[in-house]
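>>> From the sequence below, what's the structure:
(chains A and B)
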Amino acid sequence: AQTVTQSQPEMSVQEAETVTLSCTYDTSESDYYLFWYKQPPSRQMILVIRQEAYKQQNATENRFSVNFQKAAKSFSLKISDSQLGDAAMYFCAYRSARASGSRLTFGEGTQLTVNP
Amino acid sequence: DGGITQSPKYLFRKEGQNVTLSCEQNLNHDAMYWYRQDPGQGLRLIYYSQIVNDFQKGDIAEGYSVSREKKESFPLTVTSAQKNPTAFYLCASSIDRRGVTDTQYFGPGTRLTVL
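Purely as a prediction, here's the structure:
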């Protein structure tokens, strides 16, 4: 079974600074997808960024980028120019690319605080 | 507006009662999912459905039941057999065409409290 580990329960960053959230996963599969979701105080889960394992290029979405290290099974999220609105719980998630593997496996989450 | 709706936002239940949480989507997504979130924890999969009239158990299905009679709707019933039902429940949906699933998008959630 796949597992996802987020080793940082809490992180903080100063507004306009850069922060990196860590995520590692364990799988025996070679083809899969990785996601970062954001959960603000409203508790709505919002997709931040997605990475296909077969792609060597790291995904980016505006101020959000990932460092995907397939051999190390590591998938960190970098937030540049942090804004107050980035404060939220961030979840890393794994999904198999197999046709029948549609479920997401989540990590425990990292609570990010942005200080003005 | 396209999206996923869940109702109600807050739900209170007395012990021993069944209660049904609603999830509707108008995104024309094939697959739908129910997750449970406990304080300070990640999401755990309860049930999922990849096609109408078919669904599979997730990791914590005991004490829950679902139906998928329409593509747009995937209601979750929390039965009296669920020992600790107080939690936040999230519904999600995704495209699932030609056997390849896509990104899951989430509804706003329902907070269930057992009195």
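>>> lowest-confidence helix or strand of chain B?
Least confident helix or strand, chain B: strand B:100-101 with a mean of 60, by mean pLDDT, DSSP states H and E.
>>> okay, and for the chain, where does confidence drop off?
Just so you know, I chose chain A. A:99-101 (pLDDT under 70).
>>> was after chain B, sorry
B:1-2, B:97-101.
>>> Which parts of it are strands?
In chain B, the strands defined using DSSP state E lie at B:4-7, B:10-13, B:19-25, B:31-37, B:43-51, B:54-57, B:64-66, B:76-78, B:87-94, B:96-97, B:100-101, B:105-106, B:110-114.
>>> B:L90 bridge partners, please.
Counting by DSSP bridges, B:L90 forms beta bridges with B:Y35.
>>> And for B:V66?
Beta-bridge pairing for B:V66 (DSSP bridges): B:L76.
>>> residues in contact with it?
Neighbouring residues of B:V66 by Cβ atoms under 8 Å, 6 or more residues apart in numbering or on different chains: B:34, B:46-47, B:49, B:55, B:74-77. No exception for glycine: its C-beta is placed from N, CA and C like everyone else's.
>>> switch to 10 Å and redo it
B:20-21, B:23, B:32-34, B:46-49, B:55-57, B:74-77 (Cβ atoms under 10 Å, 6 or more residues apart in numbering or on different chains).
>>> Selection in PyMOL covering whichever of those residues are buried, please.
This is the PyMOL syntax for the buried subset of the contacts of B:V66, where burial follows 16 or more other Cβ atoms under 10 Å in any protein chain shown:
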select buried, chain B and resi 21+23+32+33+34+46+47+48+49+55+74+75+76
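>>> Please work out how many residues are found near residue 90.
You didn't pick a chain, so chain A it is. 23 (other Cβ atoms under 10 Å in any protein chain shown).
>>> wrong one, chain B
B:L90: 25 surrounding residues under other Cβ under 10 Å.
>>> That's all I had, so thanks and see you.
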